[in-house]
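J.: Predicted model and sequence below, questions to follow.
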Amino acid sequence: MTDERIKTYIKGLDENMEGGIPKGYVVLITGMPGSMKSSVGFNILYNNAKENKTKGIYISLEQGRDSLLEQMDRLHMPATEVENLLSVVDIGYLRLNSEGMEYGDSWNSVFRMYAENMKESQGYDILVIDSLAAVEVLADVKNKRAELFHLFGWLRGLGVTTFIISEASTDQGIMRDEDFLADGVIHLDLRREGASVNLYLGIAKMRKTLHKRGYVPLIFDQNGFEIITD
């Protein structure tokens, strides 16, 4: 029996990853600033909504909702086409406009409340969280590995497939707590080649999935994302 999969809608990637991401996984989308992490996450939500009528939620803790939607519209992913299937929750706005709210358990509760309430009211199947660093700050994480263990367990308990945007270390050889705890890690890499800076993608980890290792060029145009394989 084949596991159900969530497609990334990155041309060439799903075909080389047994059809996509196993449903229910917690997957990191990690990379340096400017490596299109948020765009890749939104691309998964947008195209699953457009092609499969799959409901999704994008929870932003940093970038404003209007800014994010304008950016995605410029990248040929207008949320208006899937507005009944894709919601963007701007917790960053709440953060900036709630001076009386302190960090710690209060913020952690607000974040989880939004995710749980929207799961109950909208029944979404895909969740994107942007970003892990903001979650850690807002939740005032002290013991990172232990608290991430509980966070990832809670996310799996929602019964959705979750993609978490995460900043990568400049040293790709360093494994972080979140890398060990996640079910999958999609790494986006920026490389300078002559006068150009090009984008590469590698699947560093994907449990219960056969996939090629190594990095391949990732391109984006009006037709979407595509990896270039030999």
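T.: Here it is on my side, so go on.
J.: Please report the distance of Ser109 from Ala139.
T.: Applying C-beta to C-beta, to the nearest Å, the value for Ser109 to Ala139 is 9 Å. To be clear about C-beta, it is placed using only N, CA and C from the backbone, and glycine gets the same treatment.
J.: Can you give me the neighbour number for Ile227?
T.: 22 (other C-beta atoms under 10 Å).
J.: re the thing from before, what about Ser109 and Ala139, which has more around it?
T.: A direct count of neighbours by other C-beta under 10 Å for Ser109 and Ala139 places Ala139 higher, at 20 against 11.
J.: if I read this right, that one contacts Glu147, doesn't it?
T.: Yes: with contact defined as C-beta atoms under 8 Å, Ala139 reaches Glu147; the gap is 7.0 Å.
J.: show me where this structure has helices.
T.: Taking DSSP state H to define them, one finds helices in the chain at 37-52, 65-74, 91-96, 105-122, 132-138, 144-157, 177-181.
J.: pull the helix or strand with minimum mean pLDDT from this protein.
T.: helix 91-96 (a mean of 67; mean pLDDT, DSSP states H and E).
J.: tell me, what residue is most central in this protein?
T.: Nearest to the centroid of the C-alpha atoms of the chain, with distances taken as C-alpha atoms, centre = their mean, sits Phe163, at 3.2 Å.
J.: List the beta-bridge partners for it.
T.: Legend: beta-bridge partners of Phe163 under DSSP bridges are Val27, Val128.
J.: Quick check: it vs Tyr215, distance?
T.: As for Phe163, its distance to Tyr215 is 19 Å (criterion: C-beta to C-beta).
J.: Likewise for Asn43?
T.: Computed with C-beta to C-beta, the distance linking Asn43 and Tyr215 is 19 Å.
J.: More neighbours: these two, which one.
T.: When Asn43 is set against Tyr215 and neighbours are counted by other C-beta under 10 Å, the residue ahead is Asn43, at 22 against 17.
J.: So that one sits against Met77, correct?
T.: Yes: the criterion here is C-beta under 8 Å, and Asn43 meets it with Met77 at 6.5 Å.
J.: Near Glu193, how many residues? Count them for me, please.
T.: 8.
J.: and the nearest residue to Tyr46 once chain neighbours are set aside, what does it touch?
T.: Using C-beta to C-beta, 6 or more residues apart in numbering and skipping the chain neighbours, the partner closest in space to Tyr46 is Met77 (4.5 Å). Met77 is in contact with Phe42, Asn43, Tyr46, counting by C-beta atoms under 8 Å, 6 or more residues apart in numbering.
J.: What is the nearest of these to Glu81?
T.: Glu81 has its nearest neighbour among these in Tyr46, at 8.0 Å by C-beta to C-beta.
J.: Name all residues that make contact with the closest one.
T.: Residues in contact with Tyr46, defined by C-beta under 8 Å, 6+ apart, are Met72, Met77, Ala79, Val82, Leu86.
J.: which of the residues you listed count as buried?
T.: With burial judged by 16 or more other C-beta atoms under 10 Å, the buried subset of the contacts of Tyr46 is Met72, Met77, Ala79, Val82, Leu86.
J.: Could you identify the most distant pair in the residues you listed?
T.: Met72 and Val82 (10.8 Å).
J.: Wait, Ile91 touches Ser60, no?
T.: Yes: if you go by C-beta under 8 Å, Ile91 and Ser60 touch, sitting 6.7 Å apart.
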